[in-house]
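Asks: Any chance you could fold what I've pasted below:
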Amino acid sequence: MALADRFGQRVVTLCALYFAQGLPWGFMTIALISFLTSRGMGESEAGELAAIVLLPWTFKLVWAPLIDTVTIRSMGRRRPWIIGAELMMAVTMLGLILMGDLTHDLKLLGWMFFIHNCFASLQDVSTDALAVDVLPRSEHGRVNGFMWGSKLVGKGVGAAVMAQVMAAWGLSAAVLLQFILLLVIMLVPLMVLERAGEKRFPWSAGGADKTAQEASLCNPLEVLKDLARGFALQATLAFAVVGTVKTIGHGLAEIVSKTLYTQQLGWSFVELSVFMGYAVIPEFIGAVGGGFLADRFGRRYLLTISLVCYAAFTIAFGSFPNLWTETWFATLYLVLYPGIFAVVTVSYLSLSMRISWTRSTATMFTTYMTLSNVGHVIGNWLAGPVRGSFSFEASFVLAGVLTLVTLLPLMMVTLRQVDEQRAADSST
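Replies: Below is the predicted model of the structure:
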């Protein structure tokens with residue numbers, strides 16, 4: 001049996017791969033940034049470092065056509081890319097270990113994580129493409145919830161556990177632990193098959209799935225032409241704007257909150273990282289619950305409601321600065337806002353799969369994911385300029401308002417238009 005035949009195997013494999021994405025994400029964007037801001041790093045430096053670390057996720061626009069164009073069909077359409085990316089992620093972590101503690105050289109540290117995340121983004125694209133290939137439409141909502149929930153667990157481990165390891169034994173120890181975990185996770189794609197009859201290793205018996213119509217090498221121009229046709233619809237183009245705008249406010253609040261807590265409210269970087277690690281619980285609930293709600297009530301409806309809730313919560317936090325010194329209020333924000341945004345993310349993921357309609361569905365889906373990361377990077381970068389002009393209170397209010405702007409293009413996303421075009425293509 002293989003991924004295409006077994007629901008349980010699909011869930012375990014995709015969740016393990018998403019955990020591997022969340023682990024370094026939590027470490028780099030929470031534990032490491034919090035540690036550095038606790039040492040006095042300002043919003044501009046923190047935002048620039050976070051932007052460099054997250055920039056490779058914008059390269060998904062390059063990776064997606066590549067993995068749709070070049071495949072090793074005998075080992076599965078996506079699996080060889082996943083294995084190769086996981087291997088290089090481990091190699092770059094090993095390089096970081098050999099270079100020692102780089103916290104004294106922020107530029108070199110940022111570029112080392114940049115290189116690591118180039119391969120992490122390739123793994124991300126390949127995993128998303130695998131999900132598009134093997135998941136039936138009826139599983140999109142709940143399995144996306146499980147996948148994102150697993151990434152959040154990895155993020156929580158990367159934040160809470162790695163912060164404590166780094167505080168006790170240093171940066172190299174935290175990187176070493178991540179290296180070991182990545183090697184263990186790499187065993188999962190090594191042991192599974194996409195479809196029955198394919199090769200597990202290059203020297204194994206087997207071959208390409210006989211029902212596959214794609215060759216191992218396709219014309220990249222055809223992939224790009226198909227992608228352009230996919231975005232020719234008003235609904236798909238408007239959704240591309242949604243993907244870009246929805247994370248700008250979140251990226252802004254993400255950086256501003258770290259300097260607020262470590263430099264203004266007196267929290268240590270370990271306290272901040274641990275509490276943000278606890279946020280994995282409501283995040284996981286939001287991700288898994290959001291997946292089921294998306295299937296039950298509709299992806300577009302849930303995305304609209306969750307965006308409004310996230311914006312309102314962020315604006316409310318910025319409107320009551322007199323309560324920031326109250327432990328319960330400061331903790332409530334740290335723990336709840338990631339859970340609300342998890343519902344935003346899962347409904348967006350599910351709707352992205354639903355609205356990707358051309359033959360190059362993996363590339364189209366990945367484009368939506370990339371645009372979301374572009375918005376995140378823009379939000380991180382804006383933290384410095386915004387804080388240079390506005391107070392902490394106004395910065396959070398602005399982050400909420402930027403999130404509300406997303407509702408304008410979302411109103412133009414009509415699924416009927418996509419379904420009609422898909423049906424027209426099927427009849428020709």
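Asks: Neighbours of the nearest residue to residue 325 once chain neighbours are set aside, how many?
Replies: Distance criterion Cβ to Cβ, 6 or more residues apart in numbering; nearest residue to residue 325, sequence neighbours excluded, is residue 265 at 6.6 Å. To be clear about C-beta, it is placed using only N, CA and C from the backbone, and glycine gets the same treatment. Neighbours of residue 265 under the rule other Cβ atoms under 10 Å: 16.
Asks: Just confirm residue 265 contacts residue 323, I think it does.
Replies: No. Checked against Cβ atoms under 8 Å, the pair residue 265 and residue 323 is beyond contact range at 11.3 Å.
Asks: what do the two both touch?
Replies: residue 330 (Cβ atoms under 8 Å, 6 or more residues apart in numbering).
Asks: list the helices and strands the helix or strand hosting residue 421 packs on?
Replies: Using DSSP states H and E, the element containing residue 421 is helix 415-426. In terms of contacts (3 or more Cβ pairs under 8 Å, 6 or more residues apart in numbering; DSSP states H and E), helix 415-426 is packed against helix 234-245, helix 327-355.
Asks: just checking, what packs against the first one?
Replies: Secondary-structure packing of helix 234-245 (3+ Cβ pairs under 8 Å, 6+ apart): helix 327-355, helix 361-389, helix 407-410, helix 415-426.
Asks: export these to JSON lines and tack on mean neighbour count?
Replies: Output for the helices and strands packed on helix 234-245, formatted as JSON lines (neighbours: other Cβ atoms under 10 Å):
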{"stretch": "helix 327-355", "mean neighbour count": "22"}
{"stretch": "helix 361-389", "mean neighbour count": "22"}
{"stretch": "helix 407-410", "mean neighbour count": "16"}
{"stretch": "helix 415-426", "mean neighbour count": "13"}
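Asks: So the closest residue to residue 170 other than its chain neighbours: helix, strand or coil?
Replies: Nearest residue to residue 170 in three dimensions, chain neighbours excluded: residue 101, at 5.6 Å (Cβ to Cβ, 6+ apart). Three-state call for residue 101 (DSSP: H, G, I helix; E, B strand; the rest coil): coil.
Asks: List the residues that contact residue 27.
Replies: Counting by Cβ under 8 Å, 6+ apart, residue 27 makes contact with 158, 159, 162, 174, 178.
Asks: The residue lying closest to residue 139 once chain neighbours are set aside and residue 163: what is the separation?
Replies: Closest residue to residue 139 apart from its sequence neighbours, by Cβ to Cβ, 6+ apart: residue 7 at 7.2 Å. Separation of residue 7 from residue 163 (Cβ to Cβ, to the nearest Å): 36 Å.
Asks: okay, the two: which has more neighbours?
Replies: Higher neighbour count among residue 7 and residue 163: residue 163, with 27 against 12, using other Cβ under 10 Å.
Asks: outside of stretch 52-61, which residues touch it?
Replies: 28-29, 110-111, 113-114, 117-118, 120-121, 124-125, 366-367, 369-370, 373-374, 376-377, 380.
Asks: Kindly calculate the angle that the worst-scoring helix or strand of the chain on mean pLDDT makes with helix 234-245.
Replies: Sorted by mean pLDDT, DSSP states H and E, the helices and strands of the chain end with helix 220-230, the least confident at a mean of 73. Compare the direction of helix 220-230 with that of helix 234-245 by axes from the mean of the first three to the mean of the last three Cα atoms, to 10 degrees and you get 100 degrees.
Asks: And helix 220-230, what's buried?
Replies: Using 16 or more other Cβ atoms under 10 Å as the test for burial, helix 220-230 gives 223, 226, 227, 229, 230.
Asks: just the helices in the stretch 1-150 of the chain please.
Replies: Counting by DSSP state H, counting those that start in this stretch, residue ranges of the helices within the stretch 1-150 of the chain are 7-26, 33-38, 43-54, 60-69, 79-99, 106-134, 140-156.
Asks: ok, and the closest non-adjacent residue to residue 77?
Replies: Using Cβ to Cβ, 6+ apart and skipping the chain neighbours, the partner closest in space to residue 77 is residue 71 (5.0 Å).
Asks: Buried residues of stretch 170-182, list them for me.
Replies: Neighbour counts over stretch 170-182 (16+ other Cβ under 10 Å) mark 171, 172, 173, 174, 175, 176, 177, 178, 179, 181, 182 as buried.
Asks: Go through those residues and say which is closest to residue 21.
Replies: residue 182 (10.5 Å; Cβ to Cβ).
Asks: So the closest one versus residue 18, what's the distance?
Replies: 13 Å.
Asks: Ok, residue 298 next?
Replies: From residue 298 across to residue 18, the span is 24 Å (Cβ to Cβ).
Asks: swap in residue 412?
Replies: 30 Å.
Asks: who's more crowded, these two?
Replies: residue 18 (26 against 14).
Asks: Surely that one is in contact with residue 144?
Replies: No. If you go by Cβ under 8 Å, residue 18 and residue 144 don't touch, sitting 9.8 Å apart.
Asks: So what's the residue count around residue 405?
Replies: 16.
Asks: my read: it touches residue 242, true?
Replies: No. Residue 405 is beyond contact range of residue 242, at 10.0 Å (criterion: Cβ under 8 Å).
Asks: Quick one: residues contacting residue 22.
Replies: Taking Cβ under 8 Å, 6+ apart as the contact definition, residue 22 lies against 150, 151, 152, 153, 154, 155, 156, 157, 158.
Asks: I'd like the distance from stretch 155-169 to the chain centre, please.
Replies: 20 Å (Cα atoms, centre = their mean, to the nearest Å).
Asks: average model confidence for it?
Replies: Across stretch 155-169, pLDDT averages out at 85.
Asks: Any regions of the stretch 51-200 of the chain where pLDDT drops low?
Replies: 137, 140-141 (pLDDT under 70).
Asks: Go through the helix or strand where residue 403 lies and flag the buried ones.
Replies: Assessed by DSSP H and E, residue 403 sits inside helix 392-404. Buried residues in helix 392-404, counted by 16+ other Cβ under 10 Å: 392, 395, 396, 397, 398, 399, 400, 402, 403, 404.
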